[in-house]
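> any chance you can model this:
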Amino acid sequence: MNPILLAAILGFLGGLVRSLVGLSKAMAQKKKIMPAYWTATIITSSIIGIFTGIIFDFDHRLSLLAGYAGTDLLEGIYKSFAVSKIYVRTK
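Okay, the predicted model is just below:
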């Protein structure tokens, strides 16, 4: 199998597991689910898995872990820059 494709698949699987954990947590807390955001995190985790696999010499375990942890990192960044946390300075 092509190493880049394998890294992408493992990154995707890591992100999918992470998103399913988050989805089940959100459903248990009866929070609103945003399908577009959920899909974007899965696609992003695949991209993270590809680049991590390339950078770290295609260690497939690392691609899987990066897919899982990468979406969590991006989610934290997204939440820290949420619109409610941005302050506009007026004159």
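> only C-alpha atoms from now on, for both contacts and neighbour counts.
Will do.
> beyond whichever helix in the chain runs longest, next helix or strand please.
When the chain is parsed with DSSP state H, its longest helix is helix 3-28. Next along the chain after helix 3-28, taking DSSP states H and E as the criterion, comes helix 35-55.
> what mean pLDDT does the helix or strand hosting G76 get?
Assessed by DSSP H and E, G76 sits inside helix 60-80. For helix 60-80, mean pLDDT rounds to 75.
> again, but for stretch 2-22
pLDDT averaged over stretch 2-22 gives 83.
> contacts for it, please.
Contacts with stretch 2-22, where a contact means CA atoms under 8 Å, 6 or more residues apart in numbering, come from 38, 41-43, 45-50, 52-54, 58, 60-61, 63-72.
> drop anything exposed from the residues you listed.
Buried members of the contacts of stretch 2-22, counted by 16 or more other CA atoms under 10 Å: 41-43, 45-50, 52-54, 58, 60, 63-72.
> for Y68, give its distance to L23.
Separation of Y68 from L23 (CA to CA, to the nearest Å): 14 Å.
> got it, and I33?
8 Å.
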